[in-house]
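[1] predicted coordinates and the sequence they were generated for:
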Number of protein chains: 2
Amino acid sequence: MANIEFWYEFASTYSYPAVMRIERLAGEAGVDVRWRPFLLGPIFKAFGWNDSPFNIYVAKGRYMWRDLERVCAAEGLPLKLPPVRFPQNCLKAARLALMGESEGWTPAFTRAVFLANYAEQKDISDDDTLRAILEALGVDAEAALEAANAPANKDALKQQTEEAMARGLFGAPSFTVGEELFWGNDRLETALQWARRA
Amino acid sequence: MANIEFWYEFASTYSYPAVMRIERLAGEAGVDVRWRPFLLGPIFKAFGWNDSPFNIYVAKGRYMWRDLERVCAAEGLPLKLPPVRFPQNCLKAARLALMGESEGWTPAFTRAVFLANYAEQKDISDDDTLRAILEALGVDAEAALEAANAPANKDALKQQTEEAMARGLFGAPSFTVGEELFWGNDRLETALQWARRA
């Protein structure tokens, strides 16, 4: 079966529409998706950025929020910004998403966290928010949080991020089909076409 | 009639497919286009960049060229990189494009310069290249070059660039429909839809 790797980061605003769209579009295209949460922080640090580029470059940030509003409106996606500073700390959510792969709940967990962040005005750096999401999915929250924060899983997320950097990723969402890299929510359709042809 | 402003910069790689597509797509949509060449240099300087971000951020630059290849292939556009350093100095071309507005040859001139730069491996900072393009369009090249480099037109390009910055532009190509800003070749279709509804 044709397949695609989906690289996303919970702090990435354009990852939100990609997360909400990919299962439907990949299903229609007959493409299998591997969900690969990673961290942009170390990659941005290598660029000399210690904050989101949308905060550093004000005009770009202002545009991004307006553009995201239009993108979400066109997709029928709710968008309501969190009351806390952008971006929220997403490390725990990323560790959980990676840990959930072996148990199969990564996609549903990821969608719930993005909705919590961008539609429900919740603090996704807070254990209680994450616990409630896990429980709603029928996951043992305490066991998941413990496994997510164990050294093996922390290392696995570091390796996932290092692999992303080694493969030339510099932003999120990104999609890879073998060596071929696609960047941005608006490249999802192109990436799926590529996967079908590959 | 619905209308759109098309902001482009000759050094901007993604302006190339936008320049080649906009007349056809705007025609199909029944939208009138005002071509507004401007300079990204002063805007990038305000970001602390003294070079193209595609040179500063190597991973982004590597991706951009590959992505541009795919975009051009999908559009049936030729792409052959110039032998000189990227980006070329585009100041003279921008001045000419602005100057040509009153005489109506800006769109045809712009397309010819982008083809020279991205498909024909010519040096578009060279007067001879620009002269040949003007002559092929039936324009008096010497008169055009003189008018383009006269103080009034130099100031007009500065003002155009200042207006771009004041309106929140931070990259090219960009499209404006009234106050609404769209950035990137892949937002052209959305911008045209917006213009139709406006």
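    Arrived safely. Residues are numbered from 1 along each chain as shown, chains lettered A, B, ... in the order given.
[2] which parts of chain A sit against chain B?
    A:47, A:57, A:59-60, A:62-63, A:66-67, A:70, A:74, A:168-171, A:181-183, A:186-187, A:190 (C-beta under 8 Å from any C-beta of the partner chain). For glycine as for every other residue, the C-beta is placed from the backbone atoms N, C-alpha and C.
[3] and the lowest-mean-pLDDT helix or strand in chain A, what does it pack onto?
    Lowest mean confidence among the helices and strands of chain A (mean pLDDT, DSSP states H and E): helix A:53-56, at a mean of 88. Contacting helix A:53-56 under the criterion 3 or more C-beta pairs under 8 Å, 6 or more residues apart in numbering or on different chains; DSSP states H and E are the following elements: helix A:58-75.
[4] what's the following helix or strand after the helix it packs on?
    As assigned by DSSP states H and E, the chain's next helix or strand after helix A:58-75 is helix A:91-99.
[5] what count of nearby residues applies to A:Phe86?
    By other C-beta atoms under 10 Å in any protein chain shown, 15 other residues sit near A:Phe86.
[6] which residues in chain A form strands?
    A:3-8, A:32-37, A:174-177, A:180-183 (DSSP state E).
[7] which other residues reach the last one?
    The contact list for strand A:180-183, computed with C-beta atoms under 8 Å, 6 or more residues apart in numbering or on different chains, reads A:167-171, A:173-176, A:188, A:190-191, A:194, A:198, B:63, B:66-67.
[8] hang on, the earlier thing: quick one, which of the strands of chain A gets closest to A:Leu145.
    Distance to A:Leu145, taken as C-beta to C-beta, is lowest for strand A:32-37 among the strands of chain A, at 15.7 Å.
[9] now do that closest one against helix A:91-99, angle only.
    Compare the direction of strand A:32-37 with that of helix A:91-99 by axes from the mean of the first three to the mean of the last three C-alpha atoms, to 10 degrees and you get 150 degrees.
[10] alpha carbons of strand A:32-37, as PDB, please.
    Taking Å, rounded to 0.1, in the frame of the first residue of the first chain, the C-alpha atoms of strand A:32-37 are listed here in PDB:
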ATOM      1  CA  ASP A  32      -1.400   4.700   4.700                       C
ATOM      2  CA  VAL A  33      -0.200   7.300   7.200                       C
ATOM      3  CA  ARG A  34       2.500   7.000   9.800                       C
ATOM      4  CA  TRP A  35       2.100   9.800  12.400                       C
ATOM      5  CA  ARG A  36       5.500  11.200  13.500                       C
ATOM      6  CA  PRO A  37       5.300  13.800  16.200                       C
END
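[11] which stretches of chain A have low pLDDT?
    Across chain A, nothing is flagged by pLDDT under 70.
[12] let's see it at 90
    Along chain A, segments meeting pLDDT under 90 span A:1, A:46-57, A:81-89, A:198.
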